[in-house]
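> Sequence first, predicted model second:
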Amino acid sequence: MTLALPSFFLFHPQLQHVLAKMSFLDTLLFYIVHMVDKFELWHRLPVLLGLAYLAIRRRLHQRYNLLHVGTMTAGNKYDVHQYSHRTADGKCNHPTDDIVGSQGTVFGRNMPPSTINFGVMEPHPSVVATKLLERRKFVDCGKQFNMIACSWLQFMIHDWIDHMEDTHQVEIVAPAEVAAHCPLKSYKFYRSKEISTGSLHPKTGFVNARTPWWDGSVIYGNDEAGMEKVRSYKDGKLKISRDGLLEHDEKGISVSGDVRNCWAGFSLLQSLFIKEHNAVCDMLKEHYREFDDEKLYHHARLITSAIIAKIHTIDWTVELLKTDTLLAAMRINWYGLLGKKVKDSFGNILGPELSGLVGLKRPQDHGVPYSLTEEFVSVYRMHTTLPDKIFLRDINSMATKHKSSPPIQEEYHSFSDMIGKEGEKRLSKIGMEKMLVSMGHQSCGAITLWNYPLWMRNLVAHDINGEERPDPVDMASMEIYRDRERKVPRYNEFRRNLLMIPISKWEDLTNDEEVIEVLHEVYGDDVEKLDLLVGLHAERKIKGFAISETAFFIFVLIASRRLEADRFFTTNFNSQTYTDEGLEWINKTESLKDVIDRHFPEMSKTWMRCSSAFSVWDSDANVRNYVPLYLR
Ligand code: HEM
């Protein structure tokens with residue numbers, strides 16, 4: 001039995017194709033979602049109804065937006081009991097296939113590769129970058145998100161994804177129309193490495209150089225060699241220098257799990273979580289005297305990775321999507337509808353909705369082996385969050401009653417000076433505490449058009465080993481090229497594939513007349529041509545959201561998947577694998593502020609007025625709301 005299609009979708013063959021595959025129940029659920037979307041309603045609904053909408057959406061995306069790229073079994077069976085820890089390269093996590101999720105596996109997809117045949121140069125990426133992306137005047141995020149939150153983004157990206165490159169180069173030459181405004185008239189870069197998948201659809205895929213699991217590889221490395229480099233081989237600990245910052249090799253490159261395109265704020269977070277790892281080792285050693293270096297390392301890695309995942313879930317994301325519904329949704333992902341107290345007392349006995357995804361009896365991949373996806377990479381292109389300068393605070397002065405000190409006027413650094421080896425040198429002069437307090441007080445860039453840092457249009461990018469490349473690149477235009485090269489659908493096709501209502505005119509996207517005028521200039525009247533990155537930055541935002549709704553729906557699917565598909569957050573999230581004390585450590589850590597308090601006991605008391613370490617530190621704390629969350 002089929003239901004009549006809403007008129008919005010009748011003209012879009014790909015979507016009809018998806019609907020044709022839907023069961024009767026899913027078609028019905030899709031109609032509910034679609035009706036709510038027509039009235040742009042879900043985020044205005046009371047919390048419980050909003051949660052129901054998101055639950056339906058997630059179910060639909062789990063069924064229709066997970067595409068495996070490659071053959072279904074790539075690896076071998078193995079004895080899970082031999083691997084009660086995370087391996088260096090991400091192997092041996094999936095219960096029956098040792099390769100799934102390991103370094104060097106192929107990116108999955110949330111939708112078929114783009115079917116619309118615009119050329120990779122249409123319109124020219126440098127035109128798009130110059131006319132629609134490049135920063136005119138820095139737009140910040142207000143008090144919602146600070147530079148720690150921005151660095152956290154990169155800290156996570158470098159845990160999960162990095163497209164491997166080919167040896168063939170592409171050259172992009174700016175056309176005459178914009179050449180005078182492009183810092184680089186031409187630049188070269190390597191194509192993304194595309195390999196045959198051995199399956200029919202898609203026939204090719206792109207390779208992830210990092211382990212896609214939430215395994216802390218940003219500090220632990222992505223393979224044996226990376227792991228060996230960072231371990232001290234004493235009491236399970238990782239290498240860290242006396243000033244609390246990363247150690248450096250003879251070339252001045254930091255010793256850490258990931259060194260590519262790093263900047264001082266990113267390396268600061270790496271140091272903070274190495275400190276955390278080492279503190280966990282001390283705690284474990286005190287309670288489990290029989291543990292040797294190896295056991296301490298593996299347990300501390302599991303615990304620290306879980307803390308990172310928990311902070312991202314119930315602290316960072318809650319600040320990114322600051323609404324009651326998302327506060328409830330993210331806490332449900334970790335603790336379930338019944339909340340922390342019930343879960344702490346009884347464990348995960350009632351399944352994903354009531355007890356959360358963490359601690360489920362079995363990992364759940366919805367029939368598609370775990371990987372991160374091309375679309376996930378694309379929606380995380382958030383370089384507009386990076387500012388032009390980093391302002392330093394004087395932490396020796398007295399904090400004012402707003403727990404703030406003005407930036408030291410003469411003490412700021414151009415952002416580009418904070419990158420790579422130069423950035424590391426500056427960071428060691430600034431020191432960890434001053435940098436953390438300064439980043440806490442500075443708002444990061446807003447995810448909007450005309451906010452792409454100009455300095456990134458002439459960027460010296462790094463090789464995988466942190467060495468500077470000889471040829472600078474124009475990141476703004478390269479990002480446009482990358483999505484097209486990887487056949488990620490453009491904005492409108494992307495929305496249709498995500499069961500969202502496509503736009504039919506520029507006014508559906510934004511009210512900003514100036515933006516509409518330039519969209520016309522670049523894309524004419526053809527909304528199908530609109531690049532995903534531009535659409536995500538132009539889209540009207542939901543109140544409280546720092547990102548677009550389109551990007552958010554990919555997060556709804558993938559944020560859950562990172563937890564529910566991972567054996568170490570499900571079957572093995574128990575005291576046998578983590579130890580009792582380890583679970584207790586994770587349990588009592590609810591936020592980044594808790595981690596900061598552990599290592600800098602006076603810092604938040606003196607400098608942080610707000611509730612989360614990811615909002616601007618001199619902003620007001622959340623006002624206590626006496627209405628229970630689910631009744632709001
Ligand atoms: C100093 C800070 C940063 C620098 C220098 C930097 C630089 C780069 C470079 C050179 C690439 C590779 C581009 C390519 O070859 O396609 C890249 C990729 C990327 N960056 Fe950044 N980035 C920085 C911060 C961030 C932040 C804050 C985010 C926020 C989410 C971010 C998200 C991404 C994503 C999603 C990719 C694509 C990865 C892939 O293709 O697999 N980056 N970045």
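Nice, I can see it. Numbers count the residues shown, from 1 in each chain.

> What pLDDT is listed against the one residue in the stretch 1-150 of the chain that gets nearest to the ligand?
Ranked by Cβ to the nearest ligand atom, the top residue of the stretch 1-150 of the chain for proximity to the ligand is Cys150, at 5.3 Å. Bear in mind the C-beta positions are built from the backbone N, C-alpha and C, glycine included. For Cys150, the pLDDT comes out at 98.

> Kindly report the same for the one 5 residues further on.
pLDDT, Phe155: 98.

> next one: Thr2
On the pLDDT scale, Thr2 gets 46.

> Also Ile349?
Looking at Ile349, its pLDDT is 83.

> That one: what's it in contact with?
Ser355 (Cβ atoms under 8 Å, 6 or more residues apart in numbering).

> Direction included, what does whichever strand or helix holds Glu171 pair against?
Per DSSP states H and E: Glu171 is located in strand 165-173. Taking DSSP bridges as the criterion, strand 165-173 forms sheet pairs with strand 186-192 (antiparallel).

> Outside of the helix or strand just after the strand holding Glu171 itself, list whatever touches it.
Reading on from strand 165-173 to the C-terminus, the next helix or strand found by DSSP H and E is helix 176-179. Outside helix 176-179, the residues that touch it by Cβ under 8 Å, 6+ apart are 124, 126-127, 130-131, 185.

> between those, which has the most around it?
Ser126 (29 neighbours; other Cβ atoms under 10 Å).

> residue contacts, that residue?
172, 174-175, 178-179, 182, 474, 477.

> Using PyMOL, define a selection of the buried residues within the residues you listed.
Selection of buried members from the contacts of Ser126 for PyMOL, criterion 16 or more other Cβ atoms under 10 Å:
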select buried, resi 172+174+178+182+474+477
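
> Taking the contacts of Ser126 together, which two end up most distant?
Of all pairs drawn from those, the greatest distance, 13.0 Å, lies between Pro175 and Asp474 (Cβ to Cβ).

> ok so, going back, in helices only, show me the contacts of helix 176-179.
Assignment to helices by DSSP state H places the following of the contacts of helix 176-179 there: 126-127.

> List phi and psi for Val473.
phi -130, psi 160 (degrees, to the nearest 10).

> buried ones in the lengthiest helix in the chain?
Criterion DSSP H: the longest helix present in the chain is helix 264-287. Of the residues in helix 264-287, 264-281, 283-285 count as buried by neighbour count, 16+ other Cβ under 10 Å.

> Tell me which other helices or strands whichever helix or strand comes after that helix touches.
Next along the chain after helix 264-287, taking DSSP H and E as the criterion, comes helix 293-311. On a contact count with 3 or more Cβ pairs under 8 Å, 6 or more residues apart in numbering; DSSP states H and E, helix 293-311 meets helix 264-287, helix 575-578, helix 580-588, helix 592-599.

> pLDDT score for Lys401?
Confidence score, pLDDT, at Lys401: 67.

> one step back: average pLDDT for the strand holding Glu171?
96.

> So what touches it?
Contacts of strand 165-173 (Cβ under 8 Å, 6+ apart): 125-126, 185-194, 474, 477-478, 481.

> Recalculate using a threshold of 7 Å.
125-126, 185-193, 477, 481 (Cβ atoms under 7 Å, 6 or more residues apart in numbering).

> cool, stretch 27-43 as well?
3, 6, 19, 22, 50, 53, 56-57, 59-60, 323, 325, 499-501, 542.

> Quick check: the two most widely separated of these?
Comparing all pairs in those by Cβ to Cβ, the longest separation belongs to Leu3 and Thr323, at 30.8 Å.

> Which one's more surrounded, these two?
Neighbour comparison, Leu3 and Thr323: the larger count goes to Thr323, with 18 against 12 (by other Cβ under 10 Å).

> Mean pLDDT and distance to the ligand for the helices and strands packed on helix 293-311 - can I get that in JSON lines?
Formatted as JSON lines, the helices and strands packed on helix 293-311 follow (pLDDT from 0 to 100; distance: least, Cβ to the nearest ligand atom, whole Å):
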{"stretch": "helix 264-287", "mean pLDDT": "98", "distance to the ligand": "7"}
{"stretch": "helix 575-578", "mean pLDDT": "96", "distance to the ligand": "29"}
{"stretch": "helix 580-588", "mean pLDDT": "97", "distance to the ligand": "25"}
{"stretch": "helix 592-599", "mean pLDDT": "98", "distance to the ligand": "16"}
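
> Around Glu247, how many other residues sit close by?
Neighbourhood size, Glu247 [other Cβ under 10 Å]: 17.

> Just confirm it contacts Val255, I think it does.
Yes - at 4.3 Å, Glu247 and Val255 qualify as touching, with contact defined as Cβ atoms under 7 Å.

> Mutual contacts of those two, please.
Common neighbours of Glu247 and Val255 (Cβ under 7 Å, 6+ apart) are Lys239.

> about what we covered before: same list (the helices and strands packed on helix 293-311) but as JSON lines, adding distance to Asn146.
Below are the helices and strands packed on helix 293-311 laid out as JSON lines (distance: least, Cβ to Cβ, whole Å):
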{"stretch": "helix 264-287", "distance to Asn146": "10"}
{"stretch": "helix 575-578", "distance to Asn146": "31"}
{"stretch": "helix 580-588", "distance to Asn146": "24"}
{"stretch": "helix 592-599", "distance to Asn146": "11"}
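
> between those helices, which gets nearest to Pro95?
That would be helix 575-578 among the helices and strands packed on helix 293-311, by Cβ to Cβ, at 13.7 Å.

> In the closest one, which residues are buried?
577-578.

> ok, so what distance separates Pro123 from Ala538?
Computed as Cβ to Cβ, to the nearest Å, the Pro123 to Ala538 distance reads 15 Å.

> I meant to write Lys237 there.
For Lys237 relative to Ala538 (Cβ to Cβ), the value is 47 Å.

> and this protein, which of its residues are near the ligand?
Residues of the chain lying close to the ligand (Cβ under 6 Å from any ligand atom) are 150, 153-154, 157, 161-163, 189, 261, 263, 377, 380-383, 385-386, 419, 461, 478, 482.

> Just these: which are in helices?
Counting by DSSP H, the residues of the chain next to the ligand place 150, 153-154, 157, 377, 478, 482 in helices.

> could I get those residues as TSV with neighbour count?
Formatted as TSV, these follow (neighbours: other Cβ atoms under 10 Å):
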residue	neighbour count
Cys150	25
Leu153	20
Gln154	22
Ile157	19
Val377	22
Met478	21
Arg482	23
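
> Pick out whichever of Pro123 and Ala538 has more residues nearby.
Neighbours per residue, other Cβ under 10 Å: of Pro123 and Ala538, the larger number sits with Ala538, 23 against 20.

> contacting residues for the more buried one?
449, 509-510, 515.

> residues near the closest residue to Leu54 other than its chain neighbours, how many?
Take Leu54 and drop its neighbours on the chain: the residue closest to it by Cβ to Cβ, 6 or more residues apart in numbering is Ala329, 5.7 Å away. Residues contacting Ala329 under the criterion other Cβ under 10 Å number 23.

> Thanks a lot, catch you later.
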